[in-house]
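Asker: Structure for the following, please:
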Amino acid sequence: MDLKKLGSAVAVSLLSITSLAQAAGMEMDTKNCSKPCTPPPSCKRCPVGCVNPDARPARDNVRKNIALELLYWESNQGGMTYATANQEAIDLVKADVLAGAGAAVHDGFFSAASSKYYNAKSETPSHSWDLGFRLGLGYTFVHDGWDLTANWTHFRNNTKKFNNSDTEIGNVTYFAEWTSVLPGSLAVFLLTDTDTDTTARFTTTDETSISIDPLTLTPQSLAQKPVATAIEAKWKLQLDLVDLELGRDFYTSRYLTLRPFIGARGAWVKEEFDVDYSGGSFTQVGSTNSTRISLLDDVDMKSDFSGAGVRIGLNSDWKFCDGWSFYGNTAFSLLYGNFHVTQQEFLGDQDQANSSVILNMDNHFRASQAMLDLALGLRYDWDCSCYHVGAYVGWEQHILFDQNQFVHYPSTGPAVDVIDQSVTTTTSRTLYQNPPSSYPSVIPANGNLTMQGFTVGVTVDF
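Answerer: Predicted coordinates for the structure are as follows:
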């Protein structure tokens, strides 16, 4: 994002709105409207003295308000790491493999240093700025200047990110964090010093014979986690907030106004997180090395939350010169609602024509969610006895605590024996055995959902 261009656009928008407000004010002055004033209003509605006079006195016992805001935000969520990029993962460590009793020792067995992280970093969905809006309607009562305000906030954010080890500098391998698939049945690759045929032949316990060339393949299957050479991650967010507030805007001094409020909030938060892994562990090897097929591991996750609850907050306006002021707003909500979280995983061809469902989870549960709202910005107000116009630009931040309810389901995988048949065609021995199969474990992702960005708005009281 070009902050210089954005800053210039925001400044031009604010100056344009201010110019329109001033021009409208000059026209209304011809109709005997009063000039802009900074002093607090008179105490005509205070029965005994004037304590904290109303900052928005009603005209003819009624004042209506309409507000329109343009949002330019981005969003982030904790616990969304879909891969770990590691420069050590495919580096080979030479070791000796002791064969069974009476068999020769095969020097040159290579294993992946999967227990070491070197210059590793987490891969998360990219940051993307998108537009949204907020609409507001308000009504000020004659009773002590109380006001009733309703706001609707709508925001969507779509991100997409690609990772490919072929385009990275150095030996980079991506550990697949969201898959429930273990590396394939090939658990080891063997390179012998004595065999003239560099093709090592392996047989798995399901009696599938596979031949590979260890000179051209990296031993990624030895990794404790599945690895991928290409990843595509997409995250979509849709947020809708409806707020109803009962507040009072009043002067605490000549140049400071406060507006405490109470009310309710309804929230609808929809998320889609789609991660596709291919290459590396997600490779099917045929009868020869040339028949390798790259598989696609598609992990689809969705989370829908709808809830409602109480909301309290405080708005402040710090006036300093001829209608200009700084504003600072804060609010806290406690929402009670329903989560619907689904997670599916498909493994198959790249075109997904022949895919198998290896994970299908559907969870419904209720929970209380806390949300914090913060805003800080610059504002210009023009007051007239007939109407009021305000224009503002600021920065907002919103936090939904523990909103990420996606779950990792790592599996220990099926039992696999790898048999070395590279010495002779009649002798074989077990070189490696995977742990016995078991059900996937459950690891909650957990993480706060945050939205932040710029807000430009205009409000009219009439």
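
Asker: Mind giving me the packing neighbours of the helix or strand hosting T283?
Answerer: Taking DSSP states H and E as the definition, one finds T283 inside strand 256-284. If contacts are counted by 3 or more CB pairs under 8 Å, 6 or more residues apart in numbering; DSSP states H and E, strand 256-284 sits against strand 173-176, strand 227-228, strand 230-248, strand 250-253, strand 293-321, strand 324-348, strand 355-383. All C-beta atoms are positioned from the backbone trio N, CA, C, and that covers glycine.

Asker: what about 7 Å?
Answerer: strand 227-228, strand 230-248, strand 250-253, strand 293-321, strand 324-348 (3 or more CB pairs under 7 Å, 6 or more residues apart in numbering; DSSP states H and E).

Asker: quick one: that strand to strand 355-383, angle?
Answerer: 160 degrees (axes from the mean of the first three to the mean of the last three CA atoms, to 10 degrees).

Asker: Surely V341 touches H364?
Answerer: No: counting by CB atoms under 7 Å, V341 stays clear of H364, with 8.1 Å between them.

Asker: Between the two, which is the more surrounded one?
Answerer: V341 (19 against 10; other CB atoms under 10 Å).

Asker: quick one: contacts for the more buried one?
Answerer: 303, 363, 405-406 (CB atoms under 7 Å, 6 or more residues apart in numbering).

Asker: ok so, going back, residues shared between the contacts of V341 and H364?
Answerer: By CB under 7 Å, 6+ apart, no residue touches both V341 and H364.

Asker: ok, and for stretch 138-145, which residues are buried?
Answerer: 138, 140, 145 (16 or more other CB atoms under 10 Å).

Asker: Likewise for stretch 269-286?
Answerer: Buried-residue list, stretch 269-286, by 16+ other CB under 10 Å: 269-271, 273-283, 285.

Asker: distance of I399 from L374?
Answerer: Applying CB to CB, to the nearest Å, the value for I399 to L374 is 8 Å.

Asker: thinking again about what came up before, give me the buried entries from the contacts of V341.
Answerer: For the contacts of V341, buried by 16+ other CB under 10 Å: 303, 405-406.

Asker: Columns distance to Y72 and pLDDT on top of those, output as CSV?
Answerer: Listed next are those as CSV, based on distance: CB to CB, whole Å; pLDDT from 0 to 100:
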residue, distance to Y72, pLDDT
S303, 25, 97
Q405, 28, 95
F406, 27, 94
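
Asker: for those, which one is nearest V242?
Answerer: S303 (19.7 Å; CB to CB).

Asker: hang on, that closest one packs against Q403?
Answerer: No: judged on CB under 7 Å, S303 makes no contact with Q403 at a distance of 8.1 Å.

Asker: circling back to that earlier point, what mean pLDDT does the strand holding T283 get?
Answerer: In this model, strand 256-284 has a mean pLDDT of 92.

Asker: Please name the bridge partners of the closest residue to G280 other than its chain neighbours.
Answerer: Distances taken as CB to CB, 6 or more residues apart in numbering place V227 nearest to G280, at 4.1 Å, with adjacent residues excluded. With DSSP bridges as the criterion, V227 is bridged to F175.
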